[in-house]
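>>> Quick one, structure for this:
(2 chains)
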Amino acid sequence: MADTLKPEAPNPDTDAYAHESELDAHLQTKRMVINMGPSHPATHGTVRLKVELEGETIVKIDPEIGFLHRGFQKSCENVTWTQCLPYTDRLNYLSAMMNNFGFLNAVEKLIGLEIPERAQYIRVIGSELHRLTDHLTCVGATGLEMGGFAPFLLAMEFRELLHDRTAELTGARLTTSFGRVGGSNRDLPEGWIPRVHKTLDQGLALLDEMEGLLTNNRIFVDRTKGTGVISAEDAIEYGYTGPALRACGVDYDIRKTKPYWVYDRFDFDIPVGEHGDNYDRYLVRLEEMRQSIRILRQAMDTIPAGPIIVDDWRIALPPKPEVYGTIEGVMSHFKLVMEGIQVPAGEVYDATEASNGELGWYLVSDGRGRPYKVHVRAPGFPVLAAVPHIIEGKMLADLIPTFDTINMIGGEVEQ
Amino acid sequence: MADADLANIVTTRRDESMGWLQSIVSKGLGWARKYSLFTYPYATACCGMEYMSVAASRHDISRFGAEFPRFSPRQADLLMVVGTINLKQAPILKRVYEQMAEPKWVVAFGVCASSGGFYDNYAVLQGIDRIIPVDVYIPGCPPRPEQVLDGLMLLQDKIGNQVHRIAEREEANPTAARHNLLLSMNK
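This is a model prediction of the structure:
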């Protein structure tokens, strides 16, 4: 029977040419459109990403927002300037104090008001505390979504410690509504500074441990290094600010370029990345946390004594003995509570460096006690807008780390 | 005639007059179900951050047997609505609820989910109970983790005291919220 044997059929497991031809063969695929979100474990905000896939490659992606639109701007127009504060808390709910202080700073700029030095220090301390919580949540959640639960738990433990200190300072863990126009509504509590120093010591240990689990982790590095790349020119073009921009190598931080409050008195560095990929964004956030701790320690060591709010009864509430004891006090208190602060007519734009970038406020006042218009330049908005540019043509798996490290927050983007 | 009233009373008595074996089964199922809640965290806003805190090691929701978040509604029996639901989000929430298998429970986490909170405006749904039934409301903006754990324990008590039956497909779900009402309407 040997003569009937045909020439051997190509064996795809052994023949080199078979391999090549298989790779070249065109697989018939159909484009698939899938929805990521609006309720998806890996989208921190509620955003819907309509992803068009060819195999596992993303051909087209379309972010859709509006699932957390809560009418922030309209709500602010109906209340006094001070009553806007709770609404600002819930823009970027991870760093409420930075929103509070940014808003107050813009209002004070519109009035033309200089706040007391101690209040400026309190604002720096509050801001840096909440920069830490924001970055911790971002980095922890990134670790979680790359499959590591332990870094998330370590980050949350540090965040809990910071929440405890925040609660002592402001009375609330998350939504602080801290500060008032003209200064601060509360002073630092008794014995608070040593406790924060201790918390930061504990936190640094947790941070080191978390970094040890992530920075050289093969899985984490493979998924983040070289993915989600954006060039410095494109990033500027899109309006990137904050850690996402600095990861591209652009040294831009409002705390340095246009120092507000007392940031020019502290010795701190601005970490700058090189490649603009997810790994650099992660590293920049880690280093920013360490710099925040440096700023916090310096600010707490050098905070001066003095008043915490301006002594002007048209802006700040009069002290309680005056309210109960004098007719002027009662009148000022009544007018401030019922009519609000009489901010002069005009418009202003003011920006502070929030945890995700430039948090800008465009305020218009018509001279009455309520805002005529409040608009927020949310740092997350341009960052989200560039996602199609970053991710189109890349793999679906790259979308998750990219979306994590840009840290878009639904509350502020959708307002 | 007072036909409807009569029917109601009879239904209630029939409901109460479970056999001994039936009540043992019901208690056993209730005990098992209340300590193995698979949560679907429908996290939208600020409250999601406190949900993270509850899930993490300090407050550790796993002590109460509800630690395992399932992000598929088909695999979950507790829908935690964590955060603001606005009008664009509402149909999605309703659909997620409908996709969940029986028995299922709903927790409104935070005031936005419970009543709309201070977002009393054109965009926000004034409480999720306008579209889906809610078992436990947890107030707070956002609630502290301790409050959430308290709410979870309330829900567990509720589940423990509910009537659980082994597959009676003819009837409305006996463990659903307001099931008494549904039963009396059917009869």
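
>>> if you skip the residues just before and after it, what's nearest to A:V250?
In space, and not counting its chain neighbours, A:V250 is closest to A:A232: 5.2 Å by C-beta to C-beta, 6 or more residues apart in numbering or on different chains. Where you see a C-beta, it was placed from the backbone N, CA and C, and this is true even at glycine.

>>> Please apply the same query to A:G226.
Counting by C-beta to C-beta, 6+ apart, the residue nearest A:G226 is A:D277, at 5.5 Å.

>>> same thing with A:C138?
Of all residues beyond its chain neighbours, the one nearest A:C138 is A:N407 (4.4 Å), with distances taken as C-beta to C-beta, 6+ apart.

>>> how about A:T175, phi and psi?
phi -100, psi 100 (degrees, to the nearest 10).

>>> My read is that it contacts A:T88, right?
No - under the criterion of C-beta atoms under 8 Å, A:T175 is not in contact with A:T88, lying 9.7 Å apart.

>>> need the contact list for B:V136.
Counting by C-beta atoms under 8 Å, 6 or more residues apart in numbering or on different chains, B:V136 makes contact with B:105-108, B:151-152, B:154-155, B:158.

>>> redo that, cut-off 6 Å
Residues near B:V136 by C-beta atoms under 6 Å, 6 or more residues apart in numbering or on different chains: B:107, B:151, B:154-155.

>>> Same check on A:V374?
Applying C-beta under 6 Å, 6+ apart to A:V374 gives the contacts A:73, A:76, A:363.

>>> go with 8 Å
Taking C-beta under 8 Å, 6+ apart as the contact definition, A:V374 lies against A:72-73, A:76-77, A:84, A:103, A:361-363.

>>> ok so, going back, out of the contacts of B:V136, which end up buried?
By neighbour count, with 16 or more other C-beta atoms under 10 Å in any protein chain shown, the contacts of B:V136 hold B:107, B:151, B:155 as buried.

>>> any idea which of the residues you listed is closest to chain A?
Lowest distance from chain A to the buried ones among the contacts of B:V136 (C-beta to the nearest C-beta) belongs to B:V107, with 15.4 Å.

>>> A:I58 should be in a strand, yeah?
Yes - the assignment for A:I58 by DSSP: H, G, I helix; E, B strand; the rest coil puts it in a strand.

>>> beta partners of it?
In this structure, A:I58 has the following beta-bridge partners (DSSP bridges): A:L53.

>>> now swap in the one 5 residues further on and tell me
Each beta-bridge partner of A:P63 is listed here: A:L49, as defined by DSSP bridges.

>>> Quick one: list the elements packing against the lengthiest helix in chain B.
Across chain B, the longest stretch assigned as helix under DSSP state H is helix B:145-161. Contacting helix B:145-161 under the criterion 3 or more C-beta pairs under 8 Å, 6 or more residues apart in numbering or on different chains; DSSP states H and E are the following elements: helix B:20-34, helix B:47-55, strand B:105-109, strand B:136-138.

>>> Tell me which of the ones you listed is the most buried.
Mean neighbours per residue, mean count of other C-beta atoms under 10 Å in any protein chain shown, is largest over those for strand B:105-109, with a mean of 27.

>>> Neighbours of residue 147, how many?
In the absence of a named chain, chain A is used. Residues within reach of A:G147, counting by other C-beta atoms under 10 Å in any protein chain shown, total 10.

>>> if you could check chain B rather than the one you did, that'd help
Applying other C-beta under 10 Å, we find 17 residues neighbouring B:Q147.

>>> what's the nearest residue to it if we skip its chain neighbours?
Nearest-residue entry for B:Q147: B:G140, 5.3 Å, with adjacent residues in sequence omitted and distances by C-beta to C-beta, 6+ apart.

>>> from memory that neighbour sits against B:V111, does it?
Yes - with contact defined as C-beta under 8 Å, B:G140 reaches B:V111; the gap is 6.7 Å.

>>> if we can go back for a sec, so who does the residue nearest to A:V250 touch?
By C-beta under 8 Å, 6+ apart, the residues touching A:A232 are A:245, A:248-250, A:276.

>>> Just the closest of these to A:A397, please.
Set against A:A397, the nearest of these by C-beta to C-beta is A:G276 (18.9 Å).

>>> helix or strand for the closest one, which one?
No secondary structure element spans A:G276, as it lies outside all helices and strands (assigned by DSSP states H and E).

>>> Also the one 3 residues further on?
Under the criterion DSSP H and E, the helix or strand holding A:Y279 is helix A:278-302.

>>> average pLDDT across the following helix or strand past that helix?
Downstream of helix A:278-302, the first helix or strand assigned by DSSP H and E is helix A:320-325. Along helix A:320-325, the predicted confidence averages to a pLDDT of 92.

>>> For helix A:320-325, which residues meet the burial criterion?
For helix A:320-325, a neighbour-count test (16+ other C-beta under 10 Å) marks A:322-323 as buried.

>>> Quick check: nearest residue in space to A:P379, chain neighbours excluded?
Nearest in space to A:P379, with sequence neighbours left out and distances taken as C-beta to C-beta, 6+ apart, is A:G357 at 3.1 Å.

>>> how close does the one you found sit to chain B?
As for A:G357, its distance to chain B is 19 Å (criterion: C-beta to the nearest C-beta, to the nearest Å).

>>> just to revisit the earlier point, can you tell me which helices and strands the helix holding A:Y279 packs against?
Helix A:278-302 is packed against helix A:117-145, helix A:192-214, helix A:218-224, helix A:242-246, helix A:396-406, with contacts defined by 3+ C-beta pairs under 8 Å, 6+ apart.
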